[in-house]
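>>> below is the sequence, then the predicted model.
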Amino acid sequence: MSTSPPTSIPLGRLAPLKMAAVPTFAGMLKYIGPGIVWAGLAQGSGELIWWPYLTAKYGAAFIGLLIPAALMQYWVNIEIARYTIITGETAMTGFSRIGKWYVTMIWIGVFLENIWFGAYASAGGTALAELTGFPYGWTPRGQSLFWAYLMIGIYLAALLVGKVVYQIIERLTFTVVIITLVGILFAIFQQPVLAVTGEFFGVLLTPGFHTPENWDPADLSTVLTAIVFAGAGGFGQLFLSYWMREKGVGMAFYIGRITSPLRTAPEAITATGYVFEDNEENRKNFRGFMRYLYFESGLGVGLNLATTIIMCWLAWALLLPQGLIPEGWEIAVVQSAFFEVSWGAIGKVVFLIVATAFLCDAWLQCTDGFARMQADYVYANMKWAQRFHFRTLYYGFVGVFTVLTTVTLPLAQPGDLLIIRGVIAFMAMGLFCPGLIYLNYVLVPRSFPSWVRPHPITQIIMVAVTLTYITIGLWYVMVKLMG
């Protein structure tokens with residue numbers, strides 16, 4: 001007596017996964033994009049502001065932390081995207097499968113972390129204010145806020161007008177990354193920068209840190225912010241899952257994309273994902289997607305790390321000797337010395353354009369990513385929400401976060417807002433990384449073929465990374481509470 005193969009497989013607390021074949025792997029070039037978009041987000045504050053800040057203020061004290069901090073995020077990215085490739089679901093939906101109590105903690109954290117992400121727009125506004133001097137007669141704060149609100153309006157229009165939201169973000173990010181890399185590569189070829197090459201890289205390639213003589217305890221939060229923003233950091237790290245899904249990587253091939261309500265009809269987006277059988281064809285295609293994942297994650301982390309290293313190199317050569325430290329309402333202006341030394345006023349203009357690209361683009365990515373996460377939580381955990389299309393929920397949360405960020409924008413200087421967000425982001429890593437370990441190493445192998453389980457060395461590294469985030473986070477809390 002023959003039995004029919006199952007049409008669905010249970011996984012955790014949500015509805016079962018539907019059975020489908022692993023799509024044919026179509027080659028690396030078809031899927032390239034999410035890692036570069038992640039790098040574009042990561043180039044928001046850590047690279048332009050906090051690592052140059054620490055370098056300019058403390059010299060060699062913390063540079064040795066940069067490479068380890070960036071490489072830790074590679075392994076986190078692998079586990080975030082692994083779950084999406086295997087199931088087609090986002091990591092946020094995966095956390096919902098673990099337990100509503102757990103995903104609700106993450107949902108609240110997402111909200112708290114990102115009340116403050118308007119800081120990217122206000123920091124970018126400082127660059128545009130310095131570049132234009134407009135509106136004339138206004139204070140630097142007033143000019144910065146003017147440009148911040150204007151950039152928010154422009155990017156919101158882009159989210160509405162673009163036919164497919166992710167494609168708009170990907171194209172804008174590619175443009176920003178090219179502008180950024182070309183600009184800072186030109187800045188390297190200055191005599192003061194080349195003269196300190198051996199000195200700087202000797203410090204960079206020596207892991208570790210020391211307490212500097214001029215240490216300001218108030219900068220402890222800044223150090224944590226820099227470590228977590230040696231990449232996207234915090235809940236923003238989870239955006240990679242959504243961008244992989246929109247690209248149709250792995251089982252996400254079966255899940256639709258968010259499209260413009262002004263340009264096209266909505267695509268079908270299911271609340272839950274898919275499972276596949278144990279056969280050779282599925283295994284071959286799955287391995288193709290995993291090879292792509294290792295490459296794409298390496299590309300994103302590598303681009304981000306290279307950018308940050310160059311920015312620190314420039315700060316070491318041009319800001320540290322003069323005691324110039326980026327802060328206050330000129331947080332993205334002081335670094336114009338990177339270009340101004342060799343090319344004068346023209347160089348300063350070029351840098352301010354690069355700084356604007358760095359920062360305002362990060363606001364767009366944050367708005368998109370966190371609207372997706374909020375909609376995802378509601379869609380998976382609240383049955384009433386499934387009466388609406390996912391697109392409707394997404395644009396509703398775009399509106400909510402736009403209101404929140406425009407309200408919080410003028411409450412503090414951009415650096416203060418970025419530090420608040422950075423500390424919450426660091427704690428976030430210690431909260432969701434254990435969930436990724438449970439999903440990919442425990443829960444998923446129960447319902448999928450054994451060959452989806454990560455290599456033991458990968459598992460050991462990810463556990464070590466997670467323990468590092470948790471340990472440093474607990475230490476930070478103890479220092480703040482006990483002094």
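On my side now, so go ahead.
>>> and stretch 22-39, what's buried?
V22, P23, F25, Y31, G33, P34, G35, I36, V37, W38, A39 (16 or more other Cβ atoms under 10 Å). Where C-beta positions appear, they are placed from N, C-alpha and C, glycine not excepted.
>>> wait, what's in contact with the second one?
For P23, the residues meeting the contact criterion (Cβ atoms under 8 Å, 6 or more residues apart in numbering) are G248, G250, M251, F253, Y254, N285.
>>> highest neighbour count among those residues?
G250 (31 neighbours; other Cβ atoms under 10 Å).
>>> for that one, which non-adjacent residue is spatially closest?
I85 (3.2 Å; Cβ to Cβ, 6 or more residues apart in numbering).
>>> so what does the strand or helix carrying that neighbour touch, helix or strand wise?
Secondary structure from DSSP states H and E places I85 in helix 66-87. Applying 3 or more Cβ pairs under 8 Å, 6 or more residues apart in numbering; DSSP states H and E, one finds that helix 66-87 makes contact with helix 34-42, helix 91-98, helix 220-228, helix 239-247, helix 280-314, helix 414-438, helix 444-447, helix 456-482.
>>> got the phi and psi for M19?
phi -80, psi 130 (degrees, to the nearest 10).
>>> which residue is the nearest non-sequential neighbour of it?
T7 (5.3 Å).
>>> does the one you found touch Y274 like I think?
No. Using Cβ atoms under 8 Å, T7 makes no contact with Y274, being 11.0 Å away.
>>> tell me which helix or strand of the protein sits lowest on mean pLDDT?
helix 118-132 (a mean of 68; mean pLDDT, DSSP states H and E).
>>> what residue ranges in the chain score low on pLDDT?
1-5, 42-48, 115-125, 229, 231-232, 326-348, 351-352, 354-361, 411-422, 483 (pLDDT under 70).
>>> from what I see, the residue nearest to G250 and F289 are in contact.
Yes. Between I85 and F289 a contact is recorded at 5.0 Å, counting by Cβ under 8 Å.
>>> pull up the overlap in contacts between those two.
With Cβ under 8 Å, 6+ apart as the test, I85 and F289 both reach V249, G250.
>>> could I get the helices and strands packed on helix 66-87 as CSV with distance to F134?
Below are the helices and strands packed on helix 66-87 laid out as CSV (distance: least, Cβ to Cβ, whole Å):
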stretch, distance to F134
helix 34-42, 27
helix 91-98, 41
helix 220-228, 30
helix 239-247, 33
helix 280-314, 27
helix 414-438, 18
helix 444-447, 53
helix 456-482, 40
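>>> compare those helices and give me the one nearest L145.
For the helices and strands packed on helix 66-87, proximity to L145 was assessed by Cβ to Cβ; helix 414-438 is nearest, at 9.9 Å.
>>> on the three-state scheme, the nearest residue to K284 once chain neighbours are set aside is what?
Here the nearest residue to K284 in space, its sequence neighbours aside, is F25; by Cβ to Cβ, 6+ apart that works out to 7.8 Å. Three-state assignment for F25 (DSSP: H, G, I helix; E, B strand; the rest coil): coil.
>>> isn't F25 up against G288?
Yes. At 3.0 Å, F25 and G288 qualify as touching, with contact defined as Cβ under 8 Å.
>>> neighbouring contacts of stretch 274-290?
5, 8-9, 11, 17-25, 82, 85-88, 249-251, 254, 447-452.
>>> and those, which of them are buried?
For the contacts of stretch 274-290, buried by 16+ other Cβ under 10 Å: 9, 11, 17-18, 20, 22-23, 25, 82, 85-88, 249-251, 254, 447-449, 452.
>>> out of the buried residues of stretch 22-39, flag the one nearest to A428.
Nearest member of the buried residues of stretch 22-39 to A428, counting by Cβ to Cβ, is W38, at 15.7 Å.
>>> distance of the closest one from T132?
30 Å (Cβ to Cβ, to the nearest Å).
>>> go on, V110?
34 Å.
>>> neighbour count for the two, which is higher?
Neighbours were counted for V110 and for T132 using other Cβ under 10 Å; V110 has more, 23 against 13.
>>> if we ignore the residues flanking it in sequence, what's nearest that one?
F235 (4.8 Å).
>>> A helix includes the one you found, no?
Yes. F235 sits within a helix when classified using three-state DSSP.
>>> that one contacts M429, correct?
No. Here F235 lies out of contact with M429, judged by Cβ under 8 Å, at a distance of 9.0 Å.
>>> of the two, who's got more company?
Ranked by neighbour count (other Cβ under 10 Å), F235 and M429 place F235 first, with 28 against 25.
>>> and I472, how many neighbours?
18.
>>> was I right about it contacting L220?
No. Applying Cβ under 8 Å, one finds I472 not in contact with L220, separated by 10.9 Å.
>>> hmm, back to that, T7 and Y274 - which one has more neighbours?
The residue with more neighbours, out of T7 and Y274, is Y274; 23 against 10, by other Cβ under 10 Å.
>>> and that one, how close does it get to F289?
Taken as Cβ to Cβ, the span from Y274 to F289 is 13 Å.
>>> cool, and A158?
30 Å.
>>> of these two, give the one with the bigger neighbour count.
Counting neighbours by other Cβ under 10 Å for A158 and for F289 shows that F289 has the greater number, 24 against 15.
>>> for the more buried one, which non-adjacent residue is spatially closest?
G250 (4.6 Å).
>>> ok, A60 next?
Closest to A60 by Cβ to Cβ, 6+ apart is V203, at 4.4 Å.
>>> for G12, same thing?
R97 (2.8 Å).
>>> likewise G234?
Closest to G234 by Cβ to Cβ, 6+ apart is A425, at 2.4 Å.
>>> cool, and L11?
S447 (4.8 Å).
>>> what's near enough to touch the one you found?
I9, P10, L11, L17, V275.
>>> and which of those residues is nearest Y53?
L11 (44.2 Å).
>>> next, the closest one: secondary structure please.
coil.
>>> does it touch R97 like I think?
Yes. L11 is in contact with R97 according to Cβ under 8 Å; the separation is 5.8 Å.
>>> coming back round to it: tell me how far the residue nearest to G234 lies from W215.
A425 is 23 Å from W215, by Cβ to Cβ.
>>> between those two, who's got more neighbours?
A count of neighbours by other Cβ under 10 Å puts A425 above the other of A425 and W215, at 25 against 14.
>>> does the more buried one touch L238 like I think?
No. Using Cβ under 8 Å, A425 makes no contact with L238, being 11.1 Å away.
>>> I'd assumed Y136 was in a helix, is it?
No. Counting by three-state DSSP, Y136 falls outside a helix, being coil.
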